[in-house]
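Engineer: Need a 3D model of the sequence below.
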Amino acid sequence: MAHESRLTRELRALLNAQRVAALGTVGDDGAPFVSMVPYAIEQHLCCLVIHVSGLAAHTRNLQAREPVSLLVMKSEVPGEPVHALPRVTLEGQAKMLERGSLDWQACRDAYITRFPDAEPMTQLGDFMFVAIQVTGARQIAGFGVARSIDAEEVRLALGSKG
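Structural biologist: As a prediction, the model looks like this:
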């Protein structure tokens, strides 16, 4: 097994510990739009999974334009400096999944495992699963500890824990 860096292990821990991300999309007018989305990780497809309503502005943006950005960060702790909070900005491509397809089922299973209370929403016709294939990232692992990461390194962090 190839050596895995400490920063990759920390990235995996951050992505698995947090459950929500700030999702950045681009609107029809070219303006950026940021919203909060719960996410899951589908380890075999090495992607992030979100479950979105067709009524949401970010969903319309995702349907029109695949490039997205997600920010995942450690929660703030009162009394501790916020400038060194571990975080990662992920860049990727959003793929709307066809209901009932193998990828849809795998992503649904990952999402429901992480958010069992969301299962009834998966039955609603206007909700859909989106797989986000990460193409790169910028990780901040603490004050002065930053790096750019390629897609392969992110896939290592999203994949099986060994």
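
Engineer: Residue 97: how many residues sit nearby?
Structural biologist: The number of residues packed near residue 97 is 18, by other Cβ atoms under 10 Å. Where C-beta positions appear, they are placed from N, C-alpha and C, glycine not excepted.

Engineer: check contacts around it.
Structural biologist: 103-104, 107, 128-131 (Cβ atoms under 8 Å, 6 or more residues apart in numbering).

Engineer: between these, which is nearest residue 46?
Structural biologist: residue 131 (9.7 Å; Cβ to Cβ).

Engineer: Could you double-check that that closest one lies in contact with residue 103?
Structural biologist: Yes - proximity of residue 131 to residue 103 meets the contact threshold set by Cβ atoms under 8 Å, at 6.3 Å.

Engineer: Now the spatially most central residue of the chain. Nearest residue, chain neighbours left out?
Structural biologist: Geometric centre of the chain, nearest residue: residue 48, 4.2 Å, by Cα atoms, centre = their mean. Leaving aside its sequence neighbours, residue 48 sits nearest to residue 132 (Cβ to Cβ, 6 or more residues apart in numbering; 4.4 Å).

Engineer: Can you tell me how far residue 155 is from residue 8?
Structural biologist: Counting by Cβ to Cβ, to the nearest Å, the separation of residue 155 from residue 8 is 10 Å.
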